[in-house]
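Chemist: For reference, the sequence and a predicted model appear below.
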Amino acid sequence: MVMWKRILVVWQICLLVGCSAVSTPTPQNLETLSAGKTVQFFYDSQGGKVEAYLVRPRGEGPFPLMVLLHGHSLIGVGASRMVPIAEQFSTELCYAGLAVSLPGYGNTAVAGDSDRNVITGLVLDGIAQATQLPWIDRKRLLLYGFSYGAVFAAASVKQIPNLRAVVLYSGAYDLPRLYQETPTQWVRRALNPNGETNPKLSNILPEVSAWSAPTLILHGAKDELIPINQAHLLDRQLEVTGIPHRFVIFPDAGHRLPVDGVRDEALSFLQQRVGSACRSTGP
């Protein structure tokens, strides 16, 4: 519990001075990455280079792989924001973590900001890279998306094989409706930067019938960036299609949710749906 409370502090320090525990290996060294270590690496995708961070739990493995997609940052910070969260899941549940910087963020150099096909492609390429490692279980994949990252996590669900669980935190799933309903003008500008009369925006709700992974939806009742109606829409669609899911509303929260609440809900959900990969070492 105490470690989870430190996530925001660690993240803020990382933004200012960089995560000193992170090193950049050569690709061949990923296979022999030491237990309990986090590394930054780059891989080729969509005609450019993608920045990612890989977290290896302690133990021998093979470990389930959690793919983490970050939210929007006004200063362009990417996957480094998700490293403390990935490390927490590594410690608590022994899940390997793959945090990916989306186009326009971090040190990723890929054209096609906000293009769902480009982003799904680079996520799939990152998974393909990670699942070649002998200490990762390619049959047990998980997806975690926050805000902007939750939008593209949801858009990628049906494309990811062996997906065992999805966590969507403060996300949007019907972008045309969000464009009409959000009270925040900069969200409207982000969705329609060219000021088109009828911007072409994605709605992933019709695709939910193709999902199979149990899904956890987390949202704040007082979210002024992405109204909670977006979460209700996804909840109803999952209910109609009969996909196992849990919908948690934080009544006093806005876009960012209480750290302890997110931790408790995510750990409980993942324990139930996937289980821990940690193995007892005995007395």
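Modeler: Structure's in. What do you need? Residues are numbered from 1 along each chain as shown.
Chemist: what's the neighbour count on Glu87?
Modeler: Glu87 has 23 neighbours, counted by other Cβ atoms under 10 Å. No exception for glycine: its C-beta is placed from N, CA and C like everyone else's.
Chemist: List the buried residues of stretch 244-261.
Modeler: When neighbours are counted by 16 or more other Cβ atoms under 10 Å, the buried residues of stretch 244-261 are found to be 245-248, 250, 253, 255-257, 259.
Chemist: typo on my end, stretch 42-62
Modeler: Quick answer for stretch 42-62 (16+ other Cβ under 10 Å): 42-43, 45-46, 50-58, 61-62.
Chemist: so which pair among the residues you listed is furthest apart in space?
Modeler: The widest separation within the buried residues of stretch 42-62, taken as Cβ to Cβ, falls between Gln46 and Arg58 and amounts to 33.3 Å.
Chemist: Okay, and which of the buried residues of stretch 244-261 map to helices?
Modeler: Those of these mapping onto helices are Val259, per DSSP state H.
Chemist: Just the CA coordinates for stretch 254-267, please, in CSV.
Modeler: As requested, C-alpha coordinates have been extracted for stretch 254-267 and formatted as CSV (Å, rounded to 0.1, in the frame of the first residue of the first chain):
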residue,chain,number,x,y,z
GLY,A,254,-12.4,14.1,-11.6
HIS,A,255,-10.2,12.9,-14.4
ARG,A,256,-7.5,11.6,-12.1
LEU,A,257,-8.7,9.0,-9.6
PRO,A,258,-7.5,8.2,-6.1
VAL,A,259,-4.2,6.3,-6.3
ASP,A,260,-5.2,3.8,-3.5
GLY,A,261,-8.6,3.3,-5.1
VAL,A,262,-7.2,2.5,-8.5
ARG,A,263,-4.6,0.1,-6.9
ASP,A,264,-7.2,-1.8,-4.9
GLU,A,265,-9.7,-2.1,-7.8
ALA,A,266,-7.1,-3.1,-10.3
LEU,A,267,-5.3,-5.7,-8.1
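Chemist: Name the spans of the protein whose pLDDT lies under the cut-off.
Modeler: Scanning the chain for pLDDT under 70 picks out the ranges 1-28, 280-283.
Chemist: and with 80 instead?
Modeler: In the predicted model, the chain carries pLDDT under 80 at residues 1-29, 280-283.
Chemist: if we can go back for a sec, mind putting the buried residues of stretch 244-261 in JSON lines, distance to Thr32 included?
Modeler: Converted to JSON lines, the buried residues of stretch 244-261 look like this (distance: Cβ to Cβ, whole Å):
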{"residue": "His245", "distance to Thr32": "38"}
{"residue": "Arg246", "distance to Thr32": "38"}
{"residue": "Phe247", "distance to Thr32": "41"}
{"residue": "Val248", "distance to Thr32": "39"}
{"residue": "Phe250", "distance to Thr32": "41"}
{"residue": "Ala253", "distance to Thr32": "42"}
{"residue": "His255", "distance to Thr32": "40"}
{"residue": "Arg256", "distance to Thr32": "37"}
{"residue": "Leu257", "distance to Thr32": "37"}
{"residue": "Val259", "distance to Thr32": "33"}
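Chemist: Restricted to strands, list the buried residues of stretch 244-261.
Modeler: When strands are assigned by DSSP state E, the members of those inside them are 245-248, 250.
Chemist: which one of these is nearest Arg177?
Modeler: The closest of these to Arg177 turns out to be Phe247 (Cβ to Cβ; 17.7 Å).
Chemist: my read: Pro62 touches Thr131, true?
Modeler: No. Distance between Pro62 and Thr131: 9.6 Å, which falls outside the contact criterion (Cβ atoms under 8 Å).
Chemist: Show me the helices in the stretch 1-150 of the chain, by range?
Modeler: Assigned helices in the stretch 1-150 of the chain, in chain order: 2-5, 7-17, 83-93, 116-130, 148-156 (criterion: DSSP state H, counting those that start in this stretch).
Chemist: Of those helices, which stretch is the most buried?
Modeler: Of all those, helix 148-156 carries the top mean neighbour count, a mean of 26, counting by mean count of other Cβ atoms under 10 Å.
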